[in-house]
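[1] Please work out how this folds:
(one chain, ligands or ions: 2)
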Amino acid sequence: MKELIIATKNKGKMKDFIGLFEPFGIKVYSLSDLSEPVEDIEETGTTFQENAAIKAEAVCRMFNIPVIADDSGIEIDALNGAPGVYSARYAGEAKDDLANLEKVLDELKGVPEEQRTGRFVCVLAIAQPGQKTIFKRGECEGTIGDQAIGEHGFGYDPIFYPAGSSRTMAELTLEEKNQISHRKNALDKIENWVKQL
Ligand SMILES: O=c1nc[nH]c2c1ncn2[C@H]1C[C@H](O)[C@@H](COP(=O)(O)OP(=O)(O)OP(=O)(O)O)O1
Ligand SMILES: [Mg+2]
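    Ligands and ions are numbered 1, 2, ... in the order given. Got it, this is the predicted structure:
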């Protein structure tokens, strides 16, 4: 079976990726699945692309094989694009999904539905030994609810209604999320690379 390392320690993202790579017959490993422990990689960039490059290139250098990284987040228009690249640590260094979404709900208190627009963004970086890193961006438009609903997914899924959906991303099954997500839309753009693996 073909194998690929994803430079992430995020279990929720990894679940998405396992489902997304399954149709290609590719088994994916996260940084938590490897026998050698990989230290946390500091995300010092100010854009999704910079952080995706930092993660993919660091791990590619460690193992000298092709690596994919995902830097992602949620952009909320009424918050001028915040939390954006800082989505994982919006409520502090602890990277607490619940605290993060509660902070967003708090900041959006009183903002009417038609102004609660936003999008999930995912930038994938492919780093390969001796080659220039490739980047692809995917987005998923939607609106932000006023309470957390749903048990699936991770991160901001319980407060995000994909455009046209009456269910939050966390009420969708993994298969349903993987048909419309920012991650799926970014992966579609590297399909040819994935197929030649
Ligand atoms: O599909 C999603 N559904 C809900 N929330 C999401 C999604 N995709 C990204 N997000 C949020 C979670 C986290 O707050 C941030 C990602 O931050 P990001 O730095 O890319 O990932 P991370 O630090 O958790 O793991 P890692 O860097 O090891 O891949 O955006
Ligand atoms: Mg991160």
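[2] residues in this structure within reach of ligand 2, list them.
    With CB under 5 Å from the ion as the criterion, the chain meets ligand 2 at residues 43, 88. Glycine gets a C-beta too; all of them are placed from N, C-alpha and C.
[3] what ranges do the strands span in the chain?
    Under the criterion DSSP state E, the chain contains strands at 2-6, 26-29, 67-76, 117-127, 134-144, 160-162.
[4] burial of residue 20, as a residue count?
    21 (other CB atoms under 10 Å).
[5] How about the contacts made by residue 155?
    12, 74, 87, 97, 100-101 (CB atoms under 8 Å, 6 or more residues apart in numbering).
[6] Those residues in helices, which ones?
    Using DSSP state H, 12, 97, 100-101 are the members of the contacts of residue 155 that sit in helices.
[7] So, low pLDDT: which residues of this structure?
    Within the chain, not a single segment meets pLDDT under 70.
[8] Longest helix in it, please.
    Per DSSP H, the chain has its longest helix at helix 48-63.
[9] Can you check what angle separates that helix from strand 117-127?
    30 degrees (axes from the mean of the first three to the mean of the last three CA atoms, to 10 degrees).
[10] From here on, call the first residue 538.
    Noted, 538 is the first residue going forward, which turns the last one into helix 585-600.
[11] Could you list every helix and strand in contact with helix 585-600?
    strand 604-613, strand 654-664, strand 671-681 (3 or more CB pairs under 8 Å, 6 or more residues apart in numbering; DSSP states H and E).
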